[in-house]
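Undergrad: Predicted model, plus sequence, below.
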Amino acid sequence: LFSAVQLAPRDPILGLNEQFAADTHPAKANLGVGVYFDDSGKLPLLQCVQAAEQALMSKQAPRGYLPIDGLAAYDSAVKALVFGAQAPAVQDGRVATVQTLGGTGALKIGADFLRQLTPSAKVLVSNPSWDNHKALFSRAGFEVAAYRYYDAARRGVDFEGMLADLNAAAAGDIVVLHACCHNPTGYDLSAAQWDQVIAAVKAKGLTAFLDMAYQGFGQGLAEDGAVIGKFAAAGLSFFVSTSFSKSFSLYGERVGALSVVCESKDEAARVLSQLKLTIRTNYSNPPTHGAAVVSAVLNTPEWRALWEKELGEMRTRIKAMRQALADGLKAAGVTQDMSFIVNQVGMFSYSGLSKEQMQRLRSEFGVYGTDSGRLCVAALNSRNIDHVCQAIAAVMK
Ligand code: LMR
């Protein structure tokens, strides 16, 4: 049966964790996967999460099945966070939201639903994008193509190219957009550029799928989520995937959500029924713990304020590490202008290093980033920064 099964390639991001774990370099640093570590190199357990967990534990609640679409209080808290509780689409009941297995689960449920709905549509992802976007939509049965995004020469967004590619897309095509903190480049669109993208999506009849895995890691929760309000205000039907892996430091709990903005309440009810069917035939219903924690925090003003404070601290520390990396590289003898590191936003820096340089970083210095040159700045700290700077300087010589 399995004699013809081929060995699948290692995942370009998560596969690095296995290699890192086996590495014996004394100063090894894992800047591969997008995970935030604190200044002592530890994965934080947020205080707001601890408070909610203590309260949940004291109740000793039994663990029945959740509804197929998840915890109702969680789904409504997600709607309020992503769209605003008073947003017309929410007030009118035009948003269908389901709890999912992280942001990836939201993308997959959305992809499977779209594949049933518009099987011949093409999916467009940014060039470059999170590696799993292409893989996930391809495995869901779609043809996946790219729209221009990164301009290496200008160290920014090739906006003219992006717009031209969106304008050349066929009606009904699905365009995957990073709502904030573009992964892997760290370059986001300006508000004015978003307006132009929205106009193109509308004029060409494209379906926007906004991936929002890093809300709160760019400028702030409201600022990073502002693009969602723009799409809603344009009267578009669109998809939003949410992840709380990073913003709540709840990676392993797989807490995410898929929201679909529809034209009417009736349409949203029909869409919701299809999303539930998709979930039921994949994994039946979602797990309880992570969503119970996130819902408790988002729905309790005191814990919500604590979460925003802790998220703000993570954001500030990442920014400080960007500056430390740019300064450290200079001090280590790098003569090229590395100020772009400070201008990028989110967890990553797209360093411009080649695949060969990234491989040397791993094999000679135990410094892990992806082959594409992406480095997770959120994993830098005052102890590993010097070694990382020396290593990068050495491979740049
Ligand atoms: C990343 O890009 O590193 C994160 O989104 C984690 C993942 O699942 O790839």
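TA: That came through, no problem. Numbering: from 1, shown residues only.

Undergrad: could I have stretch 132-141 exported to PDB, CA atoms only?
TA: Output of stretch 132-141 as PDB, limited to C-alpha atoms (Å, rounded to 0.1, in the frame of the first residue of the first chain):
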ATOM      1  CA  ASN A 132       1.600  27.600   4.500                       C
ATOM      2  CA  HIS A 133      -0.700  29.900   2.600                       C
ATOM      3  CA  LYS A 134       0.200  28.400  -0.700                       C
ATOM      4  CA  ALA A 135       0.400  24.800   0.700                       C
ATOM      5  CA  LEU A 136      -2.900  25.100   2.500                       C
ATOM      6  CA  PHE A 137      -5.000  26.500  -0.400                       C
ATOM      7  CA  SER A 138      -3.300  24.000  -2.900                       C
ATOM      8  CA  ARG A 139      -4.200  21.100  -0.600                       C
ATOM      9  CA  ALA A 140      -7.700  22.400  -0.500                       C
ATOM     10  CA  GLY A 141      -7.800  21.900  -4.200                       C
END
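
Undergrad: Which positions in it come out as buried?
TA: For stretch 132-141, a neighbour-count test (16 or more other Cβ atoms under 10 Å) marks N132, H133, K134, L136, F137, A140 as buried. Every C-beta, even on glycine, is put in place using the N, C-alpha and C of the backbone.

Undergrad: and the residue of the chain with the smallest separation from the ligand, how many neighbours?
TA: The nearest approach of the chain to the ligand comes at G34, 3.1 Å away (Cβ to the nearest ligand atom). G34 has 25 neighbouring residues, counting by other Cβ atoms under 10 Å.

Undergrad: re the thing from before, what about the ligand: which of the buried residues of stretch 132-141 touch it?
TA: Among these, the residues within reach of the ligand (Cβ under 6 Å from any ligand atom) are N132.

Undergrad: Could you dump the buried residues of stretch 132-141 into a markdown table and include secondary structure?
TA: Output for the buried residues of stretch 132-141, formatted as a markdown table (DSSP: H, G, I helix; E, B strand; the rest coil):
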| residue | secondary structure |
| --- | --- |
| N132 | helix |
| H133 | helix |
| K134 | helix |
| L136 | helix |
| F137 | helix |
| A140 | coil |
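
Undergrad: Would you list the phi and psi of the closest residue to the residue of the chain closest to the ligand other than its chain neighbours?
TA: Of all residues beyond its chain neighbours, the one nearest G34 is M347 (5.0 Å), with distances taken as Cβ to Cβ, 6 or more residues apart in numbering. Backbone torsions for M347, taken as degrees, to the nearest 10, come to phi -80, psi -20.

Undergrad: residues touching M347, list them.
TA: Applying Cβ atoms under 8 Å, 6 or more residues apart in numbering to M347 gives the contacts G34, Y36, C181, N183, Y214, F217, K246, I318, C376, V377, A378.

Undergrad: tell me the secondary structure for T242?
TA: Put simply, T242 is strand when judged by three-state DSSP.

Undergrad: mind checking how far it is from A326?
TA: 31 Å (Cβ to Cβ, to the nearest Å).

Undergrad: what does G141 give?
TA: Distance from G141 to A326, by Cβ to Cβ: 43 Å.

Undergrad: Ok, G235 next?
TA: G235 is 42 Å from A326, by Cβ to Cβ.

Undergrad: The two: which is more packed in?
TA: A326 (20 against 10).

Undergrad: In three-state terms, label the closest residue to that one other than its chain neighbours for me.
TA: Once flanking residues are discounted, A326 sits nearest to I341: 4.5 Å by Cβ to Cβ, 6+ apart. Following three-state DSSP, I341 is assigned to helix.

Undergrad: Could I get the CA-only coordinates of stretch 326-335 as CSV?
TA: Output in CSV follows, covering the C-alpha atoms of stretch 326-335 (Å, rounded to 0.1, in the frame of the first residue of the first chain):
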residue,chain,number,x,y,z
ALA,A,326,20.4,47.2,13.8
ASP,A,327,22.9,48.8,16.3
GLY,A,328,24.5,45.5,17.1
LEU,A,329,25.1,44.7,13.4
LYS,A,330,26.8,48.1,12.9
ALA,A,331,29.0,47.5,16.0
ALA,A,332,29.9,44.1,14.6
GLY,A,333,31.3,45.7,11.5
VAL,A,334,28.4,45.5,9.0
THR,A,335,28.8,48.5,6.7
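
Undergrad: okay if I get the buried residues of stretch 132-141 as JSON lines plus pLDDT?
TA: What follows is the buried residues of stretch 132-141, written out as JSON lines (pLDDT from 0 to 100):
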{"residue": "N132", "pLDDT": "97"}
{"residue": "H133", "pLDDT": "98"}
{"residue": "K134", "pLDDT": "98"}
{"residue": "L136", "pLDDT": "98"}
{"residue": "F137", "pLDDT": "98"}
{"residue": "A140", "pLDDT": "98"}
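
Undergrad: who in the stretch 101-250 of the chain is up against the ligand?
TA: Counting by Cβ under 6 Å from any ligand atom, the stretch 101-250 of the chain comes close to the ligand at W130, N132, N183, A213.

Undergrad: what helix or strand does the residue of the chain closest to the ligand sit in?
TA: G34 belongs to no helix or strand when assigned by DSSP states H and E.

Undergrad: Please parse the chain into its domains.
TA: Domain ranges of the chain: 15-45+304-396, 65-299, per automatic domain parsing.

Undergrad: ranges for the helices of the stretch 101-250 of the chain?
TA: With helices called from DSSP state H, counting those that start in this stretch, the stretch 101-250 of the chain shows them at 102-117, 131-139, 159-167, 191-204, 221-233.

Undergrad: Tell me the buried residues in the third one?
TA: It refers to helix 159-167. Buried residues in helix 159-167, defined by neighbour count with 16+ other Cβ under 10 Å: F159, M162, L163, D165, L166.

Undergrad: Name all residues that make contact with the second one.
TA: When contacts are counted by Cβ under 8 Å, 6+ apart, M162 touches S126, Y147, R148, Y149, V197.

Undergrad: State the pair within those residues that is farthest apart.
TA: R148 and V197 (12.6 Å; Cβ to Cβ).

Undergrad: And those two? Which one has more around it.
TA: For R148 versus V197, the count of surrounding residues by other Cβ under 10 Å is larger for V197: 21 against 17.

Undergrad: quick one: pLDDT of that one?
TA: We have a pLDDT of 98 for V197.
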